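# how would this look folded up:
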Amino acid sequence: MIVLVTGTYPIYDQYGISHYEFMTSHGVREETGEIIVTPNEHPMRLGARYDEKLGEWIIEEEKIINEKVE
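Residues are numbered from 1 along each chain as shown. Sure thing, here's the model as predicted:
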């Protein structure tokens, strides 16, 4: 399972910051602590679900194309 790191991030246009969006920054593989690159999208668009017990957005590893961050 991958725990997603999320937040509200600024979206820039040619004039500067136009608005803010809630999206995924990256993920952390729960078992190893490995950083996983994820698309900057709302977690639901990635197929993630909010886990009430953890208080975090999580996604099954099979739903994401993984890339290691060196």
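# Where do the strands of the chain begin and end?
Assignment of strands within the chain using DSSP state E yields the ranges 2-13, 16-29, 35-36, 49-51, 56-59.
# what's the closest of these to His42?
Closest of these to His42 is strand 16-29, at 5.6 Å (criterion: Cβ to Cβ). The way it works is simple: take the backbone N, C-alpha and C, and place the C-beta from them, glycine included.
# Let me know the angle separating the closest one from strand 2-13.
If you take axes from the mean of the first three to the mean of the last three Cα atoms, to 10 degrees, strand 16-29 sits at 170 degrees to strand 2-13.
# Parallel or antiparallel, list what pairs with strand 16-29.
Sheet pairing of strand 16-29 (DSSP bridges) gives strand 2-13 (antiparallel), strand 35-36 (antiparallel).
# Please identify the most buried of those strands.
strand 35-36 (a mean of 18; mean count of other Cβ atoms under 10 Å).
# now the farthest one out in this protein, which residue is it?
The outermost residue of the chain, judged against the average C-alpha position, is Tyr15 (26.4 Å), by Cα atoms, centre = their mean.
# give the contact list for that one.
If you count contacts by Cβ atoms under 8 Å, 6 or more residues apart in numbering, Tyr15 has none.
# Which pLDDT value belongs to it?
Predicted confidence (pLDDT) for Tyr15: 86.
# Please identify which of the strands paired with strand 16-29 is closest to Met44.
Of all those, strand 2-13 comes closest under Cβ to Cβ, at 10.6 Å.
# Centre-most residue in this protein?
Thr24 (2.7 Å).
# just to revisit the earlier point, how about the strands paired with strand 16-29 in CSV, adding distance to Glu62?
Shown next, in CSV, are the strands paired with strand 16-29 (distance: least, Cβ to Cβ, whole Å):
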stretch, distance to Glu62
strand 2-13, 10
strand 35-36, 13
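# Having no further points to raise, I will conclude here.
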